[in-house]
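Engineer: sequence first, then the predicted structure:
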Amino acid sequence: MKLTFLLSALISLVAMGACAADAIKSYPLDKCFLSEHSLDDKAVTFIHQGQQLKVCCADCKAEFDKNPTAALAKLAAATKPFRNVKAAEFEKLRADSKNLVLDVRTKKEFDAGHVPGAIHIDVNGPDFMEKLGKLDKSRTYLVHCAAGGRSVTACNKLAPAGFKSLINLEGGYRGWEKAGYKGEADSGSK
């Protein structure tokens, strides 16, 4: 009877351990989030609050241990699916023909005025995801809306769909215009 109880308890512990292992979030990057060095045989893997973390060396682990809050802020920044920029940087990036501007406002907003050369896909449109499927995921997209909220939503939809390089315009089209940049209206709209 004692042996059956011990065996049952052991099986329960093993099962609990397996469930706990499944609950641990895997490390999302292929480099150290503190130093940005590659992870090789000197890498240190550890669990912090249910999240598997990897750093490139014992020194980075010591840095993490000194200030986990600051280190986790670096991880959050490194894993954010997009980067925010102000209007001046947006314009510099827009000057590169490899980058595409994606306007995620309504058609009415787009037709009233938009960044020259922008592609329009309404983030709240029923066909948003379908239209995304037609875009080249290898390109860099400069995403904006009117004030910055819908473009964040769009970036958060684009990233899991496989878009790797996303730039969000802080302040949106209004902020861009306020910074002195001029849009163009769609003369063919009604």
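Structural biologist: Sure thing, it's come through. Residues are numbered from 1 along each chain as shown.

Engineer: now do the residue nearest to the spatial centre of the chain against residue 168, distance only.
Structural biologist: When the chain is reduced to its mean C-alpha position, the nearest residue by CA atoms, centre = their mean turns out to be residue 81, at 0.9 Å. Counting by CB to CB, to the nearest Å, the separation of residue 81 from residue 168 is 10 Å. From N, CA and C alone the C-beta is placed, and that goes for glycine too.

Engineer: identify the contacts common to the two.
Structural biologist: Taking CB atoms under 8 Å, 6 or more residues apart in numbering as the criterion, residue 81 and residue 168 both touch residue 155.

Engineer: picking up where we left off before, how near is the residue nearest to the centre of the chain to residue 23?
Structural biologist: Applying CB to CB, the value for residue 81 to residue 23 is 23 Å.

Engineer: residue 48 too?
Structural biologist: Distance from residue 48 to residue 23, by CB to CB: 14 Å.

Engineer: neighbour-wise, which of these two wins?
Structural biologist: Neighbours per residue (other CB atoms under 10 Å) separate residue 48 from residue 23, with residue 48 holding more: 13 against 8.

Engineer: now residue 170: closest residue in space that isn't a chain neighbour?
Structural biologist: With sequence-adjacent residues excluded and distances taken as CB to CB, 6 or more residues apart in numbering, residue 170 is closest to residue 84, at 4.9 Å.

Engineer: to clarify, my last question referred to residue 110.
Structural biologist: Closest to residue 110 by CB to CB, 6+ apart is residue 120, at 4.6 Å.

Engineer: which residues does the one you found contact?
Structural biologist: Counted by CB under 8 Å, 6+ apart, residue 120 has contacts 103, 105, 107, 110, 114.

Engineer: need those residues in CSV with neighbour count, distance to residue 140 and secondary structure, can you?
Structural biologist: Converted to CSV, the contacts of residue 120 look like this (neighbours: other CB atoms under 10 Å; distance: CB to CB, whole Å; DSSP: H, G, I helix; E, B strand; the rest coil):
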residue, neighbour count, distance to residue 140, secondary structure
103, 28, 15, strand
105, 26, 20, coil
107, 13, 24, helix
110, 22, 20, helix
114, 20, 18, strand
